[in-house]
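> Quick check, what structure comes out for this input:
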Amino acid sequence: MRRQSKAFSQFIDIAEIQVIAGDGGNGCVSFRREKFVPRGGPDGGNGGRGGDVILRSDPHLSTLLDYKYKRIIKAGRGVHGKGKDQQGRRGKPVIVRVPPGTVVLDATDGSLLYDMAEKDEVIIARGGRGGRGNAMFATPSDRAPRRAEEGSPGEERRIILELKLIADIGLVGKPNVGKSTLLATLTSARPKVGAYPFTTLRPHLGVLDYHDRSVVLADIPGLIEGAHSGKGLGHEFLRHIERTKVLVCMLDASCADSEGELESLRRELRLYDVDVADKPYVVVLNKVDLLPESEVRALKREAKFFPVSAVTGYGLKDLVGRMVGLLDELNADDVDGEGDDDEEGKKP
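Numbering: from 1, shown residues only. Predicted coordinates:
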């Protein structure tokens, strides 16, 4: 069996590329030359327009790996016009395929250009206009113009592609609390699971089937204290929880101070982005299969946490019901908000 190249397993979520649209073709200076037609007049054709560089959202992609190595993307230039009124062919456009949820930033000032979560396709660089041939300049007073235009250059810009995963629910927590195990139990995703810190080196997505509906879960690599300022691995992937609707804050049942661990996790989220910390969340105490049964019953009575075991499946039914319930509440609020806006917009 052929081994898969290591490069194809890489998860790249940021890439800087240069996009260059095609130049327009030049117009042509030409005159009709045929037997028995002594004054055929100008017949120089126009140059073709340069090709565009187009960004297209592709749901089959989940990484920006292609643009780690291909840093310059250039569209075809327009063909020059020719005699006998032959118009130049338009330059070939280039399609830049990116995963859904990719944000496009200007590399010069960092400003937001496009959000591919809201658009399926955008033209990021427009091709140059084709130059006019001398046939376009003929007038009653100038029947034999000997001038034509050059094609204009295509747009050129440097952009930053930044991927932000789109998921309904994000699993966050410190290393080795069982996020990957929970994802594998609830979905068909198969992330790497190991009994050592930072087993998960990239975010993973999984689809939970619940009562004829699909819910997308994202497993975010472990966060440690100071992640918001660049410590550990989690800081590289915090952007991926910006688009999640509900957070699942996971703790280890063997931790002596669960409330302190929760506050530490919540503090990291607040320091990264207040809007992220304000998202609805569920607190999960995982690995209760390692605790005595009496302690598990006591945790369940307190109702501060959702005691679960991702390995044995204990408590997962209640957890899934709560997660989906929060999603339904959010969707209902969105519908009500849209209805209020519609009412305000109506004239009395």
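
> Any regions of the stretch 201-348 of the chain where pLDDT drops low?
Residue ranges of the stretch 201-348 of the chain with pLDDT under 70: 201, 222-237, 334-348.

> ok, now with 50
Under the criterion pLDDT under 50, the flagged ranges of the stretch 201-348 of the chain are 227-232, 342-348.

> Domain map for the chain?
13-164, 169-344 (automatic domain parsing).

> export the ones you listed to JSON lines and tack on mean neighbour count?
From N, CA and C alone the C-beta is placed, and that goes for glycine too. Formatted as JSON lines, these follow (neighbours: other C-beta atoms under 10 Å):
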{"stretch": "domain 13-164", "mean neighbour count": "18"}
{"stretch": "domain 169-344", "mean neighbour count": "17"}
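
> Check which helices and strands the helix or strand harbouring residue 263 is in contact with.
For residue 263, the host element (DSSP states H and E) is helix 258-272. Judged by 3 or more C-beta pairs under 8 Å, 6 or more residues apart in numbering; DSSP states H and E, helix 258-272 is in contact with strand 169-173, strand 246-252, helix 274-277.

> Take the ones you listed and lay them out in a markdown table including distance to residue 18.
Below are these laid out as a markdown table (distance: least, C-beta to C-beta, whole Å):
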| stretch | distance to residue 18 |
| --- | --- |
| strand 169-173 | 33 |
| strand 246-252 | 37 |
| helix 274-277 | 32 |
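
> Mind checking those for the one nearest to residue 50?
Residue 50 lies closest, by C-beta to C-beta, to one member of those: helix 274-277, at 40.6 Å.

> neighbouring contacts of that closest one?
238, 241, 242, 247, 266, 269, 270 (C-beta atoms under 8 Å, 6 or more residues apart in numbering).

> Which two among the residues you listed are spaced furthest apart?
Checking those with C-beta to C-beta, the most distant pair is 242 and 266, at 16.1 Å.

> Low-confidence ranges, the stretch 1-150 of the chain, go.
In the stretch 1-150 of the chain, residues with pLDDT under 50: 1-9.

> Could I get the full set of strands for it?
Remark: strands assigned in the stretch 1-150 of the chain by DSSP state E, counting those that start in this stretch are 14-20, 53-57, 72-74, 94-98, 102-106, 112-115, 121-125.

> Between strand 102-106 and the longest one, find me the angle.
What it means is strand 14-20. 60 degrees (axes from the mean of the first three to the mean of the last three C-alpha atoms, to 10 degrees).

> Distance from strand 14-20 to the middle of the chain?
Distance, stretch centre to chain centre, for strand 14-20: 14 Å (C-alpha atoms, centre = their mean, to the nearest Å).
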